[in-house]
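Undergrad: dropping the sequence and predicted coords here.
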Amino acid sequence: MTNLKMLIDSLKRQEKLVRGDYFLPEIWNCFGFKDYTLEESRPGEIGVDPGQFYLEALKYIAAQASDNSIPAERSFKKNNGNLLCHKIIYSAFLRTLTAWAHYPGEPVCPGTFLKAIALLPFLKTLGADIIYLLPVFANGEKYKKGELGSPYAIKNFYQLDSGLHDQLLGEMTVPLLDTEFKAFVEASHILGLQVMVDFVFRTASRDNDLISSHPEWFYWIDLRENKEFSPPMVKKVKKASVINHRNVEVLYKSSELETYLAKFRRSPQELDPANWKVLQEKYELKGENILELVEKEYGVTTVPGFSDVLCDPQPPWEDVTYFRFYFDHHQQARKYVEPEQPPYLLQDVACLNLYQGELPNHELWEYIINIIPYYRHNFGIDGARIDMGHALPPALNRALSEKIREQGEAFILWSEEFNVKNSVAAKNEGYDFITGDLWQVYKEVGNKGFCRRLFSRLLSSELPLTGALEIPDSPRAAQFFQENPIGAGSIS
């Protein structure tokens, strides 16, 4: 309980410096806090001294611990098979989970680790067993989505998002931010909750910090192509077609291929090694954005990411780029692409589960493999969801799992694999469950054959599937199930 106590002590020191007139949802107060006010102009809310409120929340959670408590790593035994089928997972984007307009007349304050800790007792009353956090890492600044950016555009895998620090605890420092996350995990364990974190290894932010030391780990295009960049739309292929050997041939025979491949460039280090050393020194000295420096000096930029299916109607992912896991082309592409072609990205290159080269980027693999063990060892997390896990090389997935299991079997691994036919492969690669596609099947509830399709998915999968009506990047379930009278195809 060391980290939770550190936050308690910090709040005690800061409580006299906090501002008044702080409002939050009344429902957050599920631990008996009494020193609050009510105002007609803020229905459903309570006015509190924030320092006192969060201090009492932390003390309430700390009081739940006892000498007989068992650390989560030992009490939550291996989490696979039937054990996982009874787990309720609560998905949380911490930046928005506790975002609120606390101060009258001022903008919404983002969510923080501290406020999320205070909300844990409420989440426990909902029946949650596992708190699944969307990425909590430092995210990109260049080409970011919206004002704050997407949590999936990760700038540094070994740094937490400084926006999750709470000013009530004092000035932001890296050690304090780390303590806040450790305290969140610690508090979750005290309440009997496990913590899973979403990790993204196939992509990174366009301005990922690794560019400064390993520009060859990324794909590059001429900066002039950036605004209008998109993968080729292939004729004779249906919209959103999954990659296979037949349509890969069609892709590489496309009339657009030559023009598309001409957009790619070699890494800036290869273009001008001497100038690259000067740029590195400037970056280390001034701390400027690495991609902005590269664009200015070299006229190249990291390629925007895009879906790994052909003719996908969704636009490119402008805030993220793909990692380069192999230094050569896969076998099927070699007869169409010249050896001197700069490293390029197409939908087949994105599907490393199907198309691998023969020259792995071993240093990148090692870097990726060590990320989850770092967070398990230093923060005590209990599991990980691997975003686009289905698109990673099978050998890398197995290496990830083996490295994690070296620290003990009691760790949950979740693959973002939608196709139950691939559940055997996911199981062999060390995963405990997959996302599946029940969220799509549920759209057909009330239609003829719904039960047959539902049970077909469940019985044909070698691993448990998530049973949610929706996932974070799908349309909301309410879009499909309106408030109709009972018996008219609605869910009640």
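TA: In hand now; what should we look at? No experiment lies behind these values; they were computed from the predicted model shown.
Undergrad: flag the shaky bits of the chain, pLDDT-wise.
TA: Applying pLDDT under 70 to the chain flags residues 15-20, 67-82, 481-492.
Undergrad: could you rerun that using 80?
TA: For the chain, residues meeting the criterion pLDDT under 80 lie at 1, 14-20, 66-83, 472-473, 478-492.
Undergrad: now the helices for the stretch 151-300 of the chain?
TA: Using DSSP state H, counting those that start in this stretch, the helices found in the stretch 151-300 of the chain span residues 174-190, 245-252, 257-261, 268-271, 273-286, 290-298.
Undergrad: which among those helices is found nearest to Ile372?
TA: Proximity to Ile372, assessed across the helices of the stretch 151-300 of the chain by CB to CB, is greatest for helix 174-190 (14.0 Å). Where C-beta positions appear, they are placed from N, C-alpha and C, glycine not excepted.
Undergrad: contacts for that closest one, please.
TA: Around helix 174-190, the neighbours that count as contacts under CB atoms under 8 Å, 6 or more residues apart in numbering are 1-4, 6-7, 10, 58, 61-62, 64-65, 69, 71-72, 112-114, 116-117, 120, 131, 136, 159-160, 162, 164-166, 169-170, 194-195, 378-381.
Undergrad: switch to 7 Å and redo it
TA: Helix 174-190 is touched from outside by 1, 3-4, 6-7, 61, 64-65, 69, 72, 113-114, 116-117, 120, 131, 136, 160, 162, 165, 169-170, 195, 379-381, with contacts defined as CB atoms under 7 Å, 6 or more residues apart in numbering.
Undergrad: now do stretch 332-352
TA: Outside of stretch 332-352, the residues that reach it under the criterion CB under 7 Å, 6+ apart are 219, 231, 243, 245, 248, 251-252, 261, 264-266, 303, 308-310, 322, 324-325, 329, 355, 391-393.
Undergrad: buried ones in it?
TA: By neighbour count with 16 or more other CB atoms under 10 Å, stretch 332-352 contains the buried residues 333, 336, 342-352.
Undergrad: what's the answer for stretch 378-387, then?
TA: Judged by neighbour count using 16+ other CB under 10 Å, the buried positions of stretch 378-387 are 379-387.
Undergrad: picking that back up, just the buried members of the contacts of stretch 332-352?
TA: Applying 16+ other CB under 10 Å to those flags 219, 231, 243, 248, 251-252, 261, 264-265, 303, 308-310, 322, 324-325, 329, 355, 391-393 as buried.
Undergrad: among the residues you listed, which ones are in strands?
TA: Secondary-structure check on the buried ones among the contacts of stretch 332-352 using DSSP state E: residues within strands are 264-265, 309-310, 322.
Undergrad: in JSON lines: those residues, plus distance to Gly146.
TA: Converted to JSON lines, these look like this (distance: CB to CB, whole Å):
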{"residue": "Phe264", "distance to Gly146": "28"}
{"residue": "Arg265", "distance to Gly146": "29"}
{"residue": "Val309", "distance to Gly146": "25"}
{"residue": "Leu310", "distance to Gly146": "28"}
{"residue": "Tyr322", "distance to Gly146": "22"}
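Undergrad: and the residues you listed, which two are furthest apart?
TA: Within those, Arg265 and Val309 form the most distant pair, 25.6 Å apart (CB to CB).
Undergrad: which residues of the stretch 351-492 of the chain fall in helices?
TA: Counting by DSSP H, counting those that start in this stretch, the stretch 351-492 of the chain has these helices, from start to end: 362-369, 371-379, 394-405, 423-428, 438-441, 450-460.
Undergrad: Serialize the ones you listed to a markdown table and add fields for distance to Leu257.
TA: As requested, those are arranged in a markdown table below (distance: least, CB to CB, whole Å):
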| stretch | distance to Leu257 |
| --- | --- |
| helix 362-369 | 26 |
| helix 371-379 | 35 |
| helix 394-405 | 27 |
| helix 423-428 | 30 |
| helix 438-441 | 32 |
| helix 450-460 | 37 |
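Undergrad: and the ones you listed: which comes nearest Asp207?
TA: helix 362-369 (17.3 Å).
Undergrad: what is the burial count for the nearest residue to Ser474 once chain neighbours are set aside?
TA: Setting aside the residues directly before and after it, Ser474 is nearest to Trp439 in space (CB to CB, 6 or more residues apart in numbering), at 5.8 Å. Trp439 is flanked by 19 other residues according to other CB atoms under 10 Å.
Undergrad: what about stretch 408-428, how long is it end to end?
TA: 18 Å (CA to CA, to the nearest Å).
Undergrad: Ser401 contacts Lys427, correct?
TA: No - taking CB atoms under 7 Å as the definition, Ser401 is not a contact partner of Lys427, at 10.4 Å.
Undergrad: give the contact list for Ser267.
TA: Contacts for Ser267 (CB under 7 Å, 6+ apart) come out as 215-216, 218, 220.
Undergrad: hmm, 8 Å instead?
TA: Each residue near Ser267 by CB under 8 Å, 6+ apart is listed here: 215-216, 218, 220, 343.
Undergrad: repeat that for Arg453.
TA: Counting by CB under 8 Å, 6+ apart, Arg453 touches 441, 444.
Undergrad: circling back to that earlier point, mind putting the buried residues of stretch 332-352 into a markdown table with distance to Leu465 and secondary structure?
TA: Formatted as a markdown table, those follow (distance: CB to CB, whole Å; DSSP: H, G, I helix; E, B strand; the rest coil):
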| residue | distance to Leu465 | secondary structure |
| --- | --- | --- |
| Ala333 | 33 | helix |
| Tyr336 | 37 | coil |
| Pro342 | 40 | coil |
| Pro343 | 36 | coil |
| Tyr344 | 35 | coil |
| Leu345 | 30 | coil |
| Leu346 | 30 | coil |
| Gln347 | 25 | helix |
| Asp348 | 27 | helix |
| Val349 | 28 | helix |
| Ala350 | 24 | helix |
| Cys351 | 22 | coil |
| Leu352 | 23 | coil |
